[in-house]
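Visitor: from the sequence below, what's the structure:
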Amino acid sequence: MKFEDIKESMIKGDYDVAVIGAGHAGCEAGLVCARMGMKTAMFCTDIESVAMMPCNPSIGGTGKGHLVFEIDALGGEMGVNIDKTFIQSKMLNTSKGPAVHSLRAQADKEQYHLEMLKTIEDTNNLDLIEAEITDVILKDGRIAGVMVGTDAYTARAAVVCTGTFLGGKIFIGKNVTVSGPAGLPPSTELADNIAALGIPLRRFKTGTPARMLRDTLDYSVMKEQKGDERITPFSFLNEDKEYDKEQISCWLSYTNAETHKIILDNLDKSAMYSGDIVGVGPRYCPSIEDKVSRFKDRERHQLFVEPEGLNTDWMYIQGMSSSLPEDVQADFYSTIPGLENATIVSPAYAIEYDCTDSLSLKPSLESKIVPGLFCAGQFNGSSGYEEAASQGLIAGINAAASLKGMEPLVLGRDQAYIGVLIDDLVTKGTNEPYRIMTSRAEYRLLLRQDNADRRLTEIGYEYGSVSEERYQKYCIKKEHVDSELERMKKMRPGLVKLQKFLINHGCKANEENITLYEVLKRPEIKYADLEEIDDETRPVLTRSEAFELEVMVKYEGYIAKQLQEVEKLHKLERRKLREDIDYSSIGGLRLEAQQKLNSIKPITVGQASRISGVSPADINVLLIYLEKEARERREQN
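Guide: Reported below is the predicted structural model:
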């Protein structure tokens with residue numbers, strides 16, 4: 001809608017930023033804009049959708065845990081909120097190196113929603129409005145506000161965080177319902193109006209398993225999955241906190257040949273296989289129909305039975321999403337050990353929704369088509385709460401930064417998993433719901449959970465997303481670790497004492513008196529062990545400080561090697577590209593490269609090098625072109 005068509009009587013509110021949606025992306029976007037001093041309105045079709053967990057009632061996991069630590073380091077809320085509301089916490093991949101350690105916490109989904117809602121309501125500059133956005137308002141081609149029916153709310157920037165609500169349809173067998181997740185009202189009119197602006201839309205699909213009553217399950221035939229005895233919090237604000245709370249167990253079971261036969265015999269009734277669903281589903285979170293069909297040699301598939309909260313009897317059957325009819329679901333679930341007599345209170349379903357082609361976005365997550373319109377979460381083609389929250393935070397920071405006249409925050413692939421996630425979306429694009437994984441990060445030894453604050457908190461403080469309290473806490477931790485590292489590089493325990501210590505800890509005796517720093521490099525030695533041979537007054541480090549210090553020492557060589565690789569990347573990232581370059585005019589570029597570069601408009605040579613269809617030879621041509629341009633400018637001056 002054009003701003004010129006808005007009458008004064010239609011205007012119901014005047015804001016700096018309008019956030020469309022209040023899921024995990026919307027919550028982070030709204031909170032960070034408000035915290036950065038922007039008068040912000042956050043719109044949702046239903047208050048129940050605020051930080052809702054329509055699928056898995058958990059936060060974190062492999063790769064995803066890294067995102068939550070990074071969100072927290074930048075001043076986001078997800079880590080703080082799950083630390084308040086978890087009912088089980090577990091560090092995954094502890095048998096492997098620290099780069100892939102990933103924290104996962106089971107949430108009390110109702111409390112998670114209520115705590116986030118309370119945080120939003122208590123935040124200055126932030127209004128939560130229950131209303132469906134039907135259109136955006138443009139003035140001179142830029143965002144000037146949003147529409148709720150015939151009511152207008154003016155805003156200088158907007159963040160689209162529609163999740164799976166935009167054009168949402170739920171499928172259970174042949175039963176199709178126009179709906180958002182969990183039966184909440186969808187957003188229908190907005191999709192048409194967004195498409196009319198020239199923003200490309202596509203259909204994606206995701207799904208969620210059934211919920212069952214707790215007391216109708218037989219836990220004696222399932223394997224218990226307990227949480228960690230010592231809890232690691234997600235938020236750096238809580239890393240010194242000792243948690244003393246009873247954790248709730250999850251349970252592991254498996255499908256079998258009978259389960260698979262029922263599913264295969266009824267594939268024609270699945271909305272996924274009947275052709276009713278046109279959206280593309282997530283490769284890394286397939287439905288049980290997909291698993292059984294694609295992996296017919298597998299005798300069984302695992303599933304986890306997870307509690308949804310302390311004050312509910314609902315259990316979530318993780319790993320068993322489906323779009324089969326309810327009666328077929330009842331049949332195949334009843335063949336699984338522990339679920340034979342289960343009462344299904346909510347069947348599994350698939351949900352199809354509208355999202356944009358992420359190649360239409362700048363690395364700042366601003367639309368290339370509509371200035372002032374930022375996009376985040378599943379609207380950008382990603383899947384998962386953590387991926388959504390990451391984008392919501394960055395989109396919110398950049399919406400506020402644009403109004404303050406600041407340069408956009410664009411995190412590099414060497415700086416954060418968030419940088420990897422966004423770069424993959426806006427540079428490579430995605431043809432299916434995108435999920436972060438540790439394998440997507442080239443520099444994952446640099447991007448550990450434990451050092452997310454060291455990588456990102458100063459950046460957040462510079463942009464205004466990190467509070468003074470959080471920043472000072474980070475500075476103290478950094479000083480503790482850095483000063484102890486320097487002390488250890490100077491401290492030598494004495495040769496006799498050192499040899500005895502090493503032999504007692506199963507190490508080969510050393511012939512020279514080395515420093516504590518060098519002693520700690522040995523895989524058998526922990527930082528706590530060094531107290532035996534430390535003559536000086538040792539500083540009292542927190543558990544998190546000691547762990548970060550250990551990793552920095554033990555992996556120093558590997559880290560240095562990755563930093564050398566990063567420097568090569570930086571040389572290309574430092575070569576900026578103008579937005580107005582016409583790549584079709586550059587002789588020597590292949591036609592495909594010209595088309596891709598003109599379409600994506602990369603902001604650096606580094607980003608250009610990661611575009612599918614742009615070869616190393618094309619990059620060399622581009623570098624020669626830039627050198628020629630620079631030489632001509634020097635000659636003119």
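Visitor: pull the number of nearby residues for Asn380.
Guide: 27 (other CB atoms under 10 Å). To be clear about C-beta, it is placed using only N, CA and C from the backbone, and glycine gets the same treatment.
Visitor: tell me the predicted confidence for it.
Guide: Asn380 carries a pLDDT score of 98 in this model.
Visitor: what do you get for Asp72?
Guide: 98.
Visitor: where's it, which helix or strand?
Guide: helix 64-73 (DSSP states H and E).
Visitor: tell me what that helix is packed against?
Guide: helix 78-85, strand 102-107, helix 385-404, helix 417-423, helix 452-463 (3 or more CB pairs under 8 Å, 6 or more residues apart in numbering; DSSP states H and E).
Visitor: which secondary element of the protein has the worst mean pLDDT?
Guide: In the chain, the helix or strand scored least confidently by mean pLDDT, DSSP states H and E is helix 271-274, which has a mean of 74.
Visitor: any idea what Leu303 is bridged to?
Guide: Here Leu303 sits in beta bridges with Ser253, going by DSSP bridges.
Visitor: residues near it, how many?
Guide: Residues near Leu303, counting by other CB under 10 Å: 23.
Visitor: that one reaches Tyr316, doesn't it?
Guide: No: the criterion here is CB atoms under 8 Å, and Leu303 misses it with Tyr316 at 10.1 Å.
Visitor: now for these two: what residues contact both?
Guide: Pro209 (CB atoms under 8 Å, 6 or more residues apart in numbering).
Visitor: low-confidence ranges in this structure?
Guide: Residue ranges of the chain with pLDDT under 70: 274, 278-279, 281-284.
Visitor: select the longest helix from it.
Guide: helix 468-490 (DSSP state H).
Visitor: what about stretch 529-547, how long is it end to end?
Guide: Start to finish, the residues bounding stretch 529-547 are 13 Å apart (CA to CA, to the nearest Å).
Visitor: helices or strands next to whatever helix or strand comes next after the least confident helix or strand of the chain in the packing?
Guide: Once helix 271-274 ends, the next helix or strand along the chain (criterion: DSSP H and E) is helix 288-294. Judged by 3+ CB pairs under 8 Å, 6+ apart, helix 288-294 is in contact with helix 257-265, helix 271-274.
Visitor: who does the last one touch, helix- and strand-wise?
Guide: Read that as helix 271-274. Using 3+ CB pairs under 8 Å, 6+ apart: helix 271-274 touches strand 169-172, helix 288-294.
Visitor: how about those in TSV, adding distance to Glu484?
Guide: As requested, the helices and strands packed on helix 271-274 are arranged in TSV below (distance: least, CB to CB, whole Å):
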stretch	distance to Glu484
strand 169-172	55
helix 288-294	48
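Visitor: measure the residue of the chain most remote from its centre to Cys507 for me?
Guide: Distance from the C-alpha centroid of the chain peaks at Val496, with 50.8 Å (CA atoms, centre = their mean). Distance of Val496 to Cys507, computed by CB to CB, to the nearest Å: 15 Å.
Visitor: now Lys109
Guide: On the measure of CB to CB, Lys109 and Cys507 end up 48 Å apart.
Visitor: one more: Pro186?
Guide: Taken as CB to CB, the span from Pro186 to Cys507 is 63 Å.
Visitor: got phi/psi on the nearest residue to Ile611 once chain neighbours are set aside?
Guide: Counting by CB to CB, 6 or more residues apart in numbering, Ile611 lies nearest to Lys596, which is 5.2 Å off, once chain neighbours are set aside. For Lys596, the backbone dihedrals are phi -70, psi -40 (criterion: degrees, to the nearest 10).
Visitor: so Lys596 is in contact with Asp618, correct?
Guide: No: look at Lys596 against Asp618 with CB under 8 Å: they stay out of range, at 9.1 Å.
Visitor: returning to that earlier point: which of Lys109 and Cys507 has more neighbours?
Guide: Taking other CB under 10 Å, Lys109 and Cys507 do not tie; Lys109 has more neighbours (23 against 16).
Visitor: apart from its chain neighbours, what residue comes closest to Lys601?
Guide: With CB to CB, 6+ apart, the residue lying closest to Lys601 is Glu579, at 5.7 Å.
Visitor: for Lys473, see how far away the spatially most central residue of the chain is.
Guide: With distances taken as CA atoms, centre = their mean, the residue of the chain nearest its centroid is Glu387 (2.4 Å). Distance, Glu387 to Lys473, by CB to CB: 27 Å.
Visitor: next one: Thr123
Guide: Taken as CB to CB, the span from Thr123 to Lys473 is 20 Å.
Visitor: and if you look at Ile514?
Guide: Distance from Ile514 to Lys473, by CB to CB: 34 Å.
Visitor: contacts only, for the residue nearest to the centre of the chain.
Guide: Glu387 neighbours (CB under 8 Å, 6+ apart): Lys64, Leu67, Gly377, Leu421, Tyr434, Arg435, Ile436.
Visitor: right, and the secondary structure at Thr206 would be what?
Guide: strand (DSSP: H, G, I helix; E, B strand; the rest coil).
Visitor: now do the contacts for it.
Guide: Applying CB under 8 Å, 6+ apart, the residues near Thr206 are Cys55, Thr164, Gly281, Pro282, Cys285, Ser321, Ala350, Ile351, Tyr353, Gln378, Ser383, Pro433.
Visitor: follow-up on the earlier one: okay, the helices and strands packed on helix 271-274, which one's buried deepest?
Guide: Per residue and on average, the most neighbours among the helices and strands packed on helix 271-274 fall to strand 169-172, with a mean of 23 (mean count of other CB atoms under 10 Å).
Visitor: which other helices and strands does that one contact?
Guide: strand 175-178, helix 271-274, strand 349-356.
Visitor: and Ala196, which of these is closest to it?
Guide: Evaluated over those, closeness to Ala196 peaks at strand 349-356, with 13.0 Å, by CB to CB.
Visitor: the closest one packs against which elements?
Guide: strand 169-172, strand 201-208.
Visitor: what's the first helix or strand after that strand?
Guide: With DSSP H and E, the next secondary element past strand 349-356 is strand 373-375.
Visitor: from the chain's centre, how far out does that following strand sit?
Guide: 17 Å (CA atoms, centre = their mean, to the nearest Å).
Visitor: list the buried residues in it.
Guide: Leu373, Phe374, Cys375 (16 or more other CB atoms under 10 Å).
Visitor: quick check, nearest of those to Tyr219?
Guide: Taking these together and measuring to Tyr219 by CB to CB, the closest member is Cys375, at 43.3 Å.
Visitor: ok, back up a step: turn the buried residues of strand 373-375 into JSON lines, columns for distance to Ile533.
Guide: Below are the buried residues of strand 373-375 laid out as JSON lines (distance: CB to CB, whole Å):
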{"residue": "Leu373", "distance to Ile533": "61"}
{"residue": "Phe374", "distance to Ile533": "55"}
{"residue": "Cys375", "distance to Ile533": "56"}
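Visitor: closest to Gly464 among those residues?
Guide: Phe374 (16.5 Å).
Visitor: so what's the closest one bridging to?
Guide: Counting by DSSP bridges, the residues bridging with Phe374 are Val159, Glu366.
Visitor: how far away is it from Glu366?
Guide: For Phe374 relative to Glu366 (CB to CB), the value is 5 Å.
Visitor: what do these two both touch?
Guide: Counting by CB under 8 Å, 6+ apart, the residues touching both Phe374 and Glu366 are Ala395, Asn398.
Visitor: before we move on, back to that, the residue nearest to Lys601 is in contact with Ile600, isn't it?
Guide: No: Glu579 is not in contact with Ile600 according to CB under 8 Å; the separation is 11.1 Å.
Visitor: those two - which one has more neighbours?
Guide: Legend: neighbour count by other CB under 10 Å for Glu579 and Ile600, higher for Ile600 (25 against 9).
Visitor: how close does the more buried one sit to Leu361?
Guide: Remark: distance between Ile600 and Leu361 (CB to CB) = 10 Å.
Visitor: next one: Ser322
Guide: 32 Å.
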